[in-house]
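Participant: My questions are about this predicted structure, shown below with the sequence.
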Amino acid sequence: MLGAPACFIFLLCQLTGPAASGIPKKLVGAIGGSVIFPLNLSVNLVDSIIWVFNSTTLITIQPKTGSIIVTQKRNKERVNFPHEGYSLKLSRLKKNDSGIYRVEIHSSTLQEPLTQEYELRVYEYLSKPKVIIGLQDNKNGTCVTNLTCSMEHGEQDVTYSWKSMDEATNESYSGSILPISWRWEKSDRTFICMATNPISSNSSNPIFAQNLCEGAAGGQAPYVILYILLSFILLCSLALVLIILIIQRERKKEFIEEKKELDTHQETLPFPSISEEMPEYDTISYFNNTIPEENPANTVYSTVHIPPKVTEPHSLPMSSDTPRSSTYKNVV
């Protein structure tokens, strides 16, 4: 077991090495996550431990009394010392937590405190990168353009790479800009951008060369248009012939059905019977009314004298108003 002087020498060598070189320990963290600043030392040789962020004191620890003083109230719930040691754990990281942290170890046996520095970088998780298509140059059936990959936000320490895939090969390229050259008669190619930072990575949607370079056919464009036009005319002709055949078939079917219906009607037409042709007569019954007997006392008799028959037409009276001579004999 090492004595107190030996422990002190060991602690001095452990802490002054990085500080003497001036190279801080680099730490990374994610927004909303946590990070641990490691610190290993013997408590018996330390009077106080002070954690400093940039030029602001965060925490003061006195191991002998066991007191811990957090300078800023807002950090009180964010700091912790896991495993009953003196390594600092900072939670709920924010973007502005990035910076230089320094720990100072004070001892009565030292003329100057021992120090250790840390450099913390807080990153956000990357979203899907976007790809910008540059100007195209289509000549002789070849499409030439550039693809540029970028992030809408959070571009700090982001590296870009590309994957180019086709039926035969898969290739990788570094950098945010990818120059491409593709011919129409070649197989389609797929381009994917990969964005990476120290805590995460994400990839873009695939981009297909055939969709990207639709106008790259160049001189083949007239033939393609002619082929499409001829195919369209052929399809229209076939559709027209099919419609005519269907109409003729329907008309023929209707004619056959009408003829069949007419023949059936003639066969089933009923002929009227003799009894139906004979007219119907209504029989009217005459009642034999009894004529009342004459009562001689109540009977009135009239005698009408008829003039002699006129034998010559010219002897007729000229006027119709000429009174006729008549003799009436009334018998009461």
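Facilitator: That came through, no problem. Computed from a predicted model, the values in this text were never measured in an experiment.
Participant: Can you give me the neighbour number for the closest residue to Gln136 other than its chain neighbours?
Facilitator: Leaving aside its sequence neighbours, Gln136 sits nearest to Thr145 (C-beta to C-beta, 6 or more residues apart in numbering; 4.5 Å). The C-beta positions use only the backbone N, C-alpha and C, and glycine is treated the same way. By other C-beta atoms under 10 Å, 19 other residues sit near Thr145.
Participant: what's Thr145 in contact with, if anything?
Facilitator: Taking C-beta atoms under 8 Å, 6 or more residues apart in numbering as the contact definition, Thr145 lies against Ile133, Gly134, Leu135, Gln136, Asp137, Pro179, Ile180, Leu212, Cys213.
Participant: so it is in which element?
Facilitator: strand 142-150 (DSSP states H and E).
Participant: cool, Lys253 as well?
Facilitator: helix 221-267.
Participant: what is the mean pLDDT for that helix?
Facilitator: Mean per-residue pLDDT for helix 221-267: 80.
Participant: Break the chain down into its domains, please.
Facilitator: Listed domain ranges for the chain are 19-123, 130-219 (source: automatic domain parsing).
Participant: In contact with the closest residue to Cys213 other than its chain neighbours, which residues are there?
Facilitator: Excluding the flanking residues, the one nearest Cys213 by C-beta to C-beta, 6+ apart is Cys143, at 3.1 Å. Shown in contact with Cys143 (C-beta under 8 Å, 6+ apart): Gln136, Asp137, Ile180, Ser181, Trp182, Arg183, Trp184, Ala209, Leu212, Cys213, Gly215, Ala216.
Participant: so what's the third one bridging to?
Facilitator: Legend: beta-bridge partners of Ile180 under DSSP bridges are Thr145.
Participant: list the contacts for it?
Facilitator: Cys143, Val144, Thr145, Asn146, Leu147, Ser164, Arg189, Phe191, Ala209, Leu212.
Participant: Let me know whether the fifth one touches Phe191 as I believe.
Facilitator: Yes - with contacts counted by C-beta atoms under 8 Å, Leu147 reaches Phe191, the gap being 6.1 Å.
Participant: surely Arg183 meets Gly141?
Facilitator: Yes - counting by C-beta under 8 Å, Arg183 touches Gly141, with 5.7 Å between them.
Participant: quick revisit: of the contacts of Cys143, which is the most crowded?
Facilitator: Ala216 (25 neighbours).
Participant: per-residue confidence at that one?
Facilitator: So, for Ala216, pLDDT stands at 52.
Participant: ok, the closest residue to Gln72 other than its chain neighbours - how many residues close by?
Facilitator: When the adjacent residues along the chain are set aside, Gln72 lies closest to Leu58, with 7.0 Å between them (C-beta to C-beta, 6+ apart). When neighbours are counted by other C-beta under 10 Å, Leu58 registers 21.
Participant: next one: Asn205
Facilitator: Asn205 - counted by other C-beta under 10 Å - has 10 other residues nearby.
Participant: ok, now Ser204?
Facilitator: 19.
Participant: doesn't Met151 make contact with it?
Facilitator: No - checked against C-beta under 8 Å, the pair Ser204 and Met151 is beyond contact range at 10.3 Å.
Participant: Pull up the overlap in contacts between those two.
Facilitator: Joint contacts of Ser204 and Met151 (C-beta under 8 Å, 6+ apart) are Pro129, Lys130, Ala195.
Participant: of all these, which comes closest to Ala30?
Facilitator: Ala195 (15.5 Å; C-beta to C-beta).
Participant: Validate this expectation: the closest one resides in a strand.
Facilitator: Yes - counting by DSSP: H, G, I helix; E, B strand; the rest coil, Ala195 is part of a strand.
Participant: can you pull up the bridge partners for it?
Facilitator: Residues in beta-bridge contact with Ala195 (DSSP bridges): Tyr160, Asn202.
Participant: can I assume it is in contact with Lys130?
Facilitator: No - judged on C-beta under 8 Å, Ala195 makes no contact with Lys130 at a distance of 9.7 Å.
Participant: and for the two, which residues touch both?
Facilitator: Cys149, Met151, Ser204.
Participant: Nearest to Leu110, out of those residues: which one, please.
Facilitator: Met151 (47.3 Å).
Participant: Next, count neighbours for Ser201.
Facilitator: If you count neighbours by other C-beta under 10 Å, Ser201 ends up with 15.
Participant: check contacts around it.
Facilitator: Leu126, Met194, Ala195.
Participant: Was I right to think the second one contacts Lys163?
Facilitator: Yes - applying C-beta under 8 Å, one finds Met194 in contact with Lys163, separated by 6.7 Å.
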